[in-house]
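S.K.: quick one: sequence plus predicted model below, questions after.
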Amino acid sequence: MPKTAMIRARAEPELKLEAESIFLELGLTQTDAINLFYRQVVLHRGLPFRVAIPNATTRAAIEAARRGDDRQAHPRARRKPVDLGARPPDRHGMPVAAG
């Protein structure tokens, strides 16, 4: 039995380049990364991360992000700025000491 087996896969070019860049930072080759993934699949007896079909709210958020509509404030976000004790400048534009 051979010590290794050949794996052939297709990937989006940009995704491949980005992943390879991360592997390089981690000191991994593509082969190392694939072997790590396979070992985790065997260890977990499934994918080593949760995979789920997004619910309606998540799907809507994903679509909004793809359209560029995702720049809305969260409904529970503070509407008013928090007073951090800063004082407006005086009539000459000079900072006013707190106190």
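M.R.: Received the coordinates, thanks. Keep in mind the model is a prediction, meaning the values are calculated, not measured. Residues are numbered from 1 along each chain as shown.
S.K.: Leu28 reaches Leu36, doesn't it?
M.R.: Yes - with contact defined as CB atoms under 8 Å, Leu28 counts as touching Leu36 (7.5 Å). To be clear about C-beta, it is placed using only N, CA and C from the backbone, and glycine gets the same treatment.
S.K.: residues near Glu20, how many?
M.R.: Neighbour count for Glu20, taken as other CB atoms under 10 Å: 15.
S.K.: actually, Ile62.
M.R.: Neighbours around Ile62, by other CB under 10 Å: 12.
S.K.: what secondary structure does it sit in?
M.R.: Three-state call for Ile62 (DSSP: H, G, I helix; E, B strand; the rest coil): helix.
S.K.: quick check: it touching Pro54?
M.R.: Yes - Ile62 lies in contact with Pro54 (CB under 8 Å); the separation is 6.6 Å.
S.K.: which parts of the protein are strands?
M.R.: Shown for the chain, no strands are assigned by DSSP state E.
S.K.: so where's it uncertain?
M.R.: The model of the chain has pLDDT under 70 over residues 70-86, 97-99.
S.K.: run the last query once more with 90
M.R.: For the chain, applying pLDDT under 90 flags the ranges 1-3, 50-54, 58, 61-99.
S.K.: helices of that one, residue ranges please.
M.R.: All helices of the chain, identified by DSSP state H, fall at 13-26, 30-44, 56-67.
S.K.: output these as TSV; include the columns distance to Val96.
M.R.: Formatted as TSV, the entries for the helices of the chain read as follows, by distance: least, CB to CB, whole Å:
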stretch	distance to Val96
helix 13-26	48
helix 30-44	57
helix 56-67	42
